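1. Structure for the following, please:
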Amino acid sequence: MTYQILSRKWRPQGFAEVVGQEHVTRTLINAITSNRLAQAYLFSGPRGVGKTTTARILAKALNCSAAAQPTPTPCGQCPSCRDIAAGASVDVLEIDGASNTGVDDVRELREQVKYVPFQGRYKIYIIDEVHMLSNAAFNALLKTLEEPPPHLIFLFATTESHKILPTILSRCQHFHFKRVGRLDMMAQLGKIAAAEGLDIEERALALIAKVSEGSVRDALSVVDQVVAASGSTVREGDVVAMLGVVDREGFSALTRAICDKDAAAALTAARALFDHGHDVKLLCADLVEYVRHLTVLKLGGKAAEAIDLPREEVDELRTAAASFELDELVRLFSVFSQAQEDIRFAMYPPFTLEMALVKATRVVALEPIERLIARVEAIGSGIEPGTPQPPSARPPSAQPVAAAPPPKPTAAPEQAANQPIVGPMPDADHLWRLVMQRVAEEKPHLESYLRSGRPIAGGESELAVEYVQQDAWAADLASRDDNQAYVGRLLKELVGRDVAFRIRRAADAPRDGAPGRRASSERTDTRAPIGRTPPDDRGTESRQSALSEVMAHPVVKDALTIFGGEVMEIRDLGRRGDRREDEA
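-> Got it, this is the predicted structure:
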């Protein structure tokens, strides 16, 4: 006997055997039981999910001769059921919409529907791919479809319901068939494999369910293919070798490299998959799906129920999701989604995916500004970061300080700051300008401390920077070991030999026009912000004292170090509030 493929051999013969379409079969069963049948039904949905099969089952339910009236459980053994299953019934006619698209075909159909059924209760027309009918053919069918003879029922099936005219849709009961879920697909394939005497590994079933994309017919065709290649025992590797899908171990190595932020390991894992013949587009699609699953699991709750995978795989994904922040996963999804688009037009797609993997390993979670502020406040209050602290427990000195980015450095001098100076030691002013240019580019926050000092020549092996008493806070910050070591390295790069860097504090008054710092007339600028009264000269000393006190506070120091800002103004919020109360 000729071999019969599994998709035909295991075609459902009753409503209970249809997989994953309970919303459709339940409604049809209730309609038959309550005798509320429509004159036309439209079954739409993806390929291979049971549209035409359900139409045949409905035809058998309506014409089963073993029952006195339409029944939701046709016997399958009477002459009518056998003829419908074999496609030989004279009362159930199956028409291919793609081959009968014209008005003449519909005109012939209209002539035939007048005749009563030969054996059964109803004359049933099953028109597959009905969207292929022309508009003229649809219009010719309208009258018959709206007012058919009592013995006539139309069953339409299509994969593209949006192409059907609204006038046709309004005359039909529309049922949308969905893709079969992976778990339901695996259960169905496992049942069929057991009945056929096949030993198919669970992970192999999971791969087959994945590549079938919800189509039972496609899944059974894949089973036929891998069984022909591997025999009655099918393992995951057999499916990978036959279909060219990404194997589990290789994909795990790739995702692990992304999680570890190891770009080299990610490229190595991707290259290994390419060398084994895995398709670049499928690999990128798997990465998109992987990140989507991690994101859904990260959200938790009912959202996690949207992952239609075996419990073992869900547990593995949940473990991996713990290594990422939610914002990080959203950015990863954008990276791989963009890579999918770029691969479509790339001359060499593997390179495009490799660059996307490098970008993915450099994605880091953005730390919320609220968390940064909490860290600064915790440092100032002596409480460990993350420890809850009521707002009232903040110290008065931890009030926010208005900060602004440091001004951009002036135009580069005649000597390039990234080239060593050839010849004797230059004068202190010139050398200090080169140092400040490099510092402004690399560490802007440090530049705001250094520019308050005045360079003083110290011979061929030393450069000193002098600070007046009112700039003691800047001298304290600039004299930190790490800052002095950094400036010392810059001097060595510029001069070509070791040059000591010193911080000096002067007791005399500031000198106007000193190189590398603001003039005193600039620092005592009495122009006040809008809405405030400019202070007189008697308030200058108290303002400088307040500035030194604020800049010496550890919270302010850490804030300037973290954010790279500069203190532009100090406001006493408590006193201002008292003044407002007095004015009121």
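2. Which pLDDT value does the model give Arg517?
-> Predicted confidence (pLDDT) for Arg517: 40.
3. How about Arg47?
-> Arg47 is assigned 90 on the pLDDT scale.
4. so how far is Val240 from it?
-> Distance, Arg47 to Val240, by Cβ to Cβ, to the nearest Å: 24 Å. Yep, even glycine has a C-beta here, placed from its N, CA and C like the rest.
5. Could you list the low-confidence segments of the stretch 151-300 of the chain?
-> In the prediction, the stretch 151-300 of the chain carries no residues with pLDDT under 70.
6. what ranges do the helices span in it?
-> If DSSP state H, counting those that start in this stretch is used as the criterion, the helices of the stretch 151-300 of the chain fall at 166-169, 182-196, 202-212, 216-230, 236-243, 248-259, 263-275, 280-299.
7. most neighbours per residue, which of the ones you listed?
-> Greatest average neighbour count among those goes to helix 202-212 (a mean of 21), per mean count of other Cβ atoms under 10 Å.
8. Looking at the helices of the stretch 151-300 of the chain, which is nearest to Glu341?
-> helix 280-299 (9.8 Å; Cβ to Cβ).
9. Can you pull out the residues in contact with the closest one?
-> Identification of contacts with helix 280-299 by Cβ atoms under 8 Å, 6 or more residues apart in numbering yields 244-246, 251, 254-255, 270, 273-274, 303-304, 306-307, 309, 314, 317-318, 320-321, 324, 326, 329-330, 332-333, 336-337, 339-340, 343, 349-350, 352-353, 356.
10. coming back round to it: is it possible to export the helices of the stretch 151-300 of the chain to JSON lines including distance to Ile127?
-> Output for those, formatted as JSON lines (distance: least, Cβ to Cβ, whole Å):
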{"stretch": "helix 166-169", "distance to Ile127": "11"}
{"stretch": "helix 182-196", "distance to Ile127": "27"}
{"stretch": "helix 202-212", "distance to Ile127": "26"}
{"stretch": "helix 216-230", "distance to Ile127": "19"}
{"stretch": "helix 236-243", "distance to Ile127": "34"}
{"stretch": "helix 248-259", "distance to Ile127": "43"}
{"stretch": "helix 263-275", "distance to Ile127": "45"}
{"stretch": "helix 280-299", "distance to Ile127": "34"}
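11. who wins for proximity to Pro149 among those helices?
-> helix 166-169 (18.5 Å).
12. gap between that closest one and the chain center?
-> 38 Å (Cα atoms, centre = their mean, to the nearest Å).
13. same question, stretch 456-475
-> 53 Å.
14. before we move on, the earlier item: in helices only, show me the contacts of helix 280-299.
-> 251, 254-255, 270, 273-274, 314, 317-318, 320-321, 326, 329-330, 332-333, 336-337, 339-340, 343, 349-350, 352-353, 356 (DSSP state H).
15. Need the buried ones from the residues you listed selected in ChimeraX.
-> A single ChimeraX command selects the buried members of the ones in helices among the contacts of helix 280-299 (16 or more other Cβ atoms under 10 Å):
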select :251,254,255,270,273,274,317,318,320,321,329,332,333,336,337,339,340,343,349,352,353,356
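16. Which helix or strand in this protein has the lowest average pLDDT?
-> Least confident helix or strand, the chain: helix 520-523 with a mean of 37, by mean pLDDT, DSSP states H and E.
17. So Asp308 sits against Arg182, correct?
-> Yes - at 4.8 Å, Asp308 counts as touching Arg182 under the criterion of Cβ atoms under 8 Å.
18. what is in contact with these two at once?
-> With Cβ under 8 Å, 6+ apart as the test, Asp308 and Arg182 reach no residue in common.
19. low-scoring stretches of the stretch 401-550 of the chain, by residue?
-> The low-confidence ranges in the stretch 401-550 of the chain, as defined by pLDDT under 70, are 401-426, 457-460, 507-547.
20. Can you show me the strands along it?
-> With DSSP state E, counting those that start in this stretch applied, the stretch 401-550 of the chain shows strands at 403-404, 454-457, 462-467, 500-505, listed in chain order.
21. and those strands as TSV, adding distance to Lys163?
-> TSV is the format used below for the strands of the stretch 401-550 of the chain (distance: least, Cβ to Cβ, whole Å):
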stretch	distance to Lys163
strand 403-404	61
strand 454-457	80
strand 462-467	79
strand 500-505	78
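22. would you list those in TSV and tack on mean neighbour count and distance to Gln437?
-> Below are the strands of the stretch 401-550 of the chain laid out as TSV (neighbours: other Cβ atoms under 10 Å; distance: least, Cβ to Cβ, whole Å):
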stretch	mean neighbour count	distance to Gln437
strand 403-404	13	21
strand 454-457	20	13
strand 462-467	21	15
strand 500-505	16	16
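23. Point out the one among those that comes closest to Ala85.
-> Ala85 sits nearest to strand 403-404 of all the strands of the stretch 401-550 of the chain, at 80.5 Å, using Cβ to Cβ.
24. what number of residues lie near Ile373?
-> 12 (other Cβ atoms under 10 Å).
25. typo on my end, Gln112
-> Counted with other Cβ under 10 Å, Gln112 comes out at 11.
26. before we move on, what about Tyr115?
-> The local packing of Tyr115 (other Cβ under 10 Å) involves 11 other residues.
27. what's the closest non-adjacent residue to it?
-> Take Tyr115 and drop its neighbours on the chain: the residue closest to it by Cβ to Cβ, 6 or more residues apart in numbering is Lys123, 7.4 Å away.
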